[in-house]
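Participant: Coordinates for the following, if possible.
(chains A and B)
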There are 2 protein chains.
Amino acid sequence: MNVTVLGAGAWGTALAVLLQRGGHHVTLWGHDAAYLAELRKSAKNERYLPGIALPTEWQLEANLAAAISSAECVVVAVPSKAFREVTTALANFAGILVSVTKGLEHETGLTMCGILAANAPRASHAALSGPSLALEVARGIPTAIVAASNDAEVANTVQTLFHRPAFRVYTTTDIAGVELGGALKNVIAIAAGVCDGLGFGDNSKASLVTRGIVEMRRLGIACGAQAETFAGLSGMGDLMVTCFSKLSRNRGFGERVGRGEKPDAILASMTSVAEGYPTARSACHLARKLDISTPIIDEVYAMLYEGKNVRQAVQDLTTRESKAED
Amino acid sequence: MNVTVLGAGAWGTALAVLLQRGGHHVTLWGHDAAYLAELRKSAKNERYLPGIALPTEWQLEANLAAAISSAECVVVAVPSKAFREVTTALANFAGILVSVTKGLEHETGLTMCGILAANAPRASHAALSGPSLALEVARGIPTAIVAASNDAEVANTVQTLFHRPAFRVYTTTDIAGVELGGALKNVIAIAAGVCDGLGFGDNSKASLVTRGIVEMRRLGIACGAQAETFAGLSGMGDLMVTCFSKLSRNRGFGERVGRGEKPDAILASMTSVAEGYPTARSACHLARKLDISTPIIDEVYAMLYEGKNVRQAVQDLTTRESKAED
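Facilitator: You can find the predicted model right below:
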């Protein structure tokens, strides 16, 4: 299949490598021509995927219209803040669109597939999400993930497209559950990272994460998702890896917040995007609109956007009264 | 309250320290008088709780009958293999018995509170379980845990007994769910450790753990537990910390198995008990008896008891056909 991946960051590049290894004709689009020229020349991406030999037979393209002109499937892997703008180019695209970006648009509360439905109404839409650190996928380490689409046939097509011996793809039609799980877990991961940064242990983090998935599920159900999706790979599975892995960007961002660094300064120093930062704001806003209780998300918002003292925020989360577990 | 803790290993000692700090009159029983004399003399336990100052005003007692003679509550923290024998001494005890041991008796399939019900029919029974690495609890790092009893009043009493500012205790009446979650997660943690030992990454481990909780819940429900308990602290919470923490004994045991060491040799070299080892056998036996599908538990059993090649076992788990996520 002719597949174009939009976004040449860690995840877009890792998926392009995977698709190329799967025998597809791959075009990788990035907005920075000089950066692509460097990838072409070196066949390496030391910034995002150190140690991985990149293919040489793929197309690297900085012109968006050219990149999608002969695509049957477009995989969108740009940061959430650029998602709406980049996907306006897909207005007439009638193939399969797969979002692999995890976020919520602040103004609308839309997931990325919600934006695709608005920007590319002729296309079929799917989301791919699960516990999948980009570097591990590029290294060929066994990974399992979920392809979600309202249309089961589209989910099956995406499954076949990505499936590899070390990359198992499961399917579901609960696209809302998969996308909300993917977006919200990044906010919980920031809280988990703050625990790490404060020197709190694994006991604290495990109880935080356990209550975190309750919030994710509660908010997800209010948005039309199915409860059981949050117990699967795209919910609990992805949450675990994001909260416990040393490789997780959002956890690492939170760890630096926990150590007392200022969010703005951390963001400026990171080469990758910590999607949990904008999602904390969108999710908090959405929860208030829907009147859903989300104490962890609220404390993350307060730490990142209102300058709340991190130790106080975590203390406020961990010193609530004992009661029956809910 | 007069509380006696049976078992002076890491967890028993950490809980005795916690109870002493909570103002209770604590007696700690261990079968080895010389070991207790050393604890008394040094006020330290470098083997299990390095760096922790032990109380000096508690009782250390090697005589079991004397240790329980004036107890209102007895906390049982001995390894599962010694549980039935030690608790025969409680035949006439009519106070509150709290099991903090995680295991399943092989011959009967009973949980530890099941053994207490048989051995100490006059007492009230409860189990205490959750993500609680002993060393972190002794260090006063915030921890949340669940007190379970069929009798809600007993659960509330146990909650009050253990509650401390950095040790939050929730209550539930689903004692089967809490005990089975605690026992079975150690088996999944061995599988997670094997993944680590083989050099597989966090993606693999997250998908294994996500499917692990499905097995735990399935087997638990067949034994009368409530599904939602497995989503709480004593299920998913404890599972996460046991599978991801460097401090976890069962994960560490699995990691060494994954590196090719023989189970017998590892067990002989460990100072603490890896309860997942006997539980793998009991759980596999129980699942066959109840006709419940438990592929991960079965592979752990095959690796530990039938000499199955670890790489083959993990491969058999990770290369099953793609399908809809269940």
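
Participant: Which stretches in the stretch 101-250 of chain A count as strands?
Facilitator: Under the criterion DSSP state E, counting those that start in this stretch, the stretch 101-250 of chain A carries strands at the ranges A:124-129, A:143-148, A:167-172.

Participant: Of those, flag the one that's most buried.
Facilitator: When neighbours are counted by mean count of other C-beta atoms under 10 Å in any protein chain shown, the highest per-stretch mean among the strands of the stretch 101-250 of chain A falls to strand A:143-148, a mean of 29. In short, each C-beta sits where N, CA and C put it, glycine included.

Participant: which residue is nearest the middle of chain A?
Facilitator: The C-alpha lying nearest the average C-alpha coordinate of chain A belongs to A:Lys102 (C-alpha atoms, centre = their mean; 3.1 Å).

Participant: Count the neighbours of the closest residue to that residue other than its chain neighbours for me.
Facilitator: Computed as C-beta to C-beta, 6 or more residues apart in numbering or on different chains, the closest residue to A:Lys102 that is not its neighbour in sequence is A:Gly182, at 3.9 Å. Other residues lying near A:Gly182 total 31 when counted by other C-beta atoms under 10 Å in any protein chain shown.

Participant: swap in the one 5 residues further on?
Facilitator: By other C-beta under 10 Å, 33 other residues sit near A:Val187.

Participant: same thing with A:Glu153?
Facilitator: Counted with other C-beta under 10 Å, the burial measure for A:Glu153 works out to 10 neighbours.

Participant: And A:Ser293, by the same measure?
Facilitator: Close neighbours of A:Ser293, defined as other C-beta under 10 Å, add up to 11.

Participant: Identify the residues contacting it.
Facilitator: Applying C-beta atoms under 8 Å, 6 or more residues apart in numbering or on different chains, we find A:Ser293 in contact with A:Glu215, A:Arg218, A:Ala287.

Participant: now the worst-scoring helix or strand of chain A on mean pLDDT against strand B:167-172, angle please.
Facilitator: Here the helix or strand of chain A ranked lowest by mean pLDDT, DSSP states H and E is helix A:310-318, holding a mean of 85. Between the axis of helix A:310-318 and that of strand B:167-172 there is an angle of 30 degrees, by axes from the mean of the first three to the mean of the last three C-alpha atoms, to 10 degrees.

Participant: Burial check on the spatially closest residue to A:Asn186 that is not a sequence neighbour, number of neighbours?
Facilitator: The spatially closest residue to A:Asn186, leaving aside those adjacent along the chain, is A:Gly276, at 3.3 Å (C-beta to C-beta, 6+ apart). A:Gly276 has 29 neighbouring residues, counting by other C-beta under 10 Å.

Participant: who are the neighbours in contact with A:Gly276?
Facilitator: A:Asn186, A:Val187, A:Ala189, A:Ile190, A:Asn250, A:Phe253, A:Gly254, A:Val300.

Participant: Just give me the closest of the residues you listed to chain B.
Facilitator: A:Ala189 (12.5 Å; C-beta to the nearest C-beta).

Participant: so that closest one sits right up against A:Arg251, yeah?
Facilitator: Yes. Shown here, A:Ala189 and A:Arg251 form a contact pair, counting by C-beta atoms under 8 Å, at 4.7 Å.

Participant: ok, these two, which is more surrounded?
Facilitator: Between A:Ala189 and A:Arg251, counted using other C-beta under 10 Å, A:Ala189 has the larger neighbour count: 32 against 28.

Participant: if I look at the more buried one, how far off is A:Ala71?
Facilitator: As judged by C-beta to C-beta, to the nearest Å, A:Ala189 and A:Ala71 stand 32 Å apart.

Participant: before we move on, what SS does the closest residue to A:Lys308 other than its chain neighbours have?
Facilitator: The spatial neighbour of A:Lys308 that comes closest, neighbours along the chain excluded (C-beta to C-beta, 6+ apart), is A:Ala302 at 3.9 Å. On the three-state scheme (DSSP: H, G, I helix; E, B strand; the rest coil), A:Ala302 is labelled helix.

Participant: Quick one: mean pLDDT over stretch A:136-148.
Facilitator: Per-region confidence: stretch A:136-148 scores 95 on mean pLDDT.

Participant: start to end distance for that stretch?
Facilitator: Start to finish, the residues bounding stretch A:136-148 are 22 Å apart (C-alpha to C-alpha, to the nearest Å).

Participant: need the contact list for A:Leu49.
Facilitator: Contact criterion C-beta under 8 Å, 6+ apart gives A:Ala10, A:Thr13, A:Ala14, A:Val17, A:Ala134, A:Leu135, A:Ala138 as the residues in contact with A:Leu49.

Participant: What is the nearest of the residues you listed to chain B?
Facilitator: Here the nearest of the contacts of A:Leu49 to chain B, counting by C-beta to the nearest C-beta, is A:Leu135; it sits at 8.3 Å.

Participant: gap between the closest one and A:Lys102?
Facilitator: The spacing between A:Leu135 and A:Lys102, counted by C-beta to C-beta, is 17 Å.

Participant: By residue count, tell me the biggest helix in chain A.
Facilitator: Secondary structure of chain A per DSSP state H: the longest helix is helix A:175-197.

Participant: just for chain A, where's the confidence low?
Facilitator: Low-confidence segments of chain A, defined by pLDDT under 70, are located at A:319-326.

Participant: Tell me the buried residues in stretch A:294-311?
Facilitator: By neighbour count, with 16 or more other C-beta atoms under 10 Å in any protein chain shown as the criterion, the buried positions of stretch A:294-311 are A:Thr294, A:Ile296, A:Ile297, A:Asp298, A:Glu299, A:Val300, A:Tyr301, A:Ala302, A:Met303, A:Leu304, A:Lys308, A:Val310.

Participant: Skipping adjacent residues, who's closest to A:Ala313 in space?
Facilitator: According to C-beta to C-beta, 6+ apart, the nearest residue to A:Ala313 is A:Glu299 (4.4 Å).

Participant: Is that neighbour in a helix, a strand, or coil?
Facilitator: Per three-state DSSP, the local secondary structure of A:Glu299 is helix.

Participant: List the contacts of the closest residue to A:Ser204 other than its chain neighbours.
Facilitator: With C-beta to C-beta, 6+ apart as the criterion, A:Ser204 has its nearest non-adjacent residue at 4.6 Å, and that residue is B:Pro142. Going by C-beta under 8 Å, 6+ apart, B:Pro142 touches A:Phe200, A:Asn203, A:Ser204, A:Ser207, A:Thr318, B:Ala166, B:Phe167, B:Arg168.
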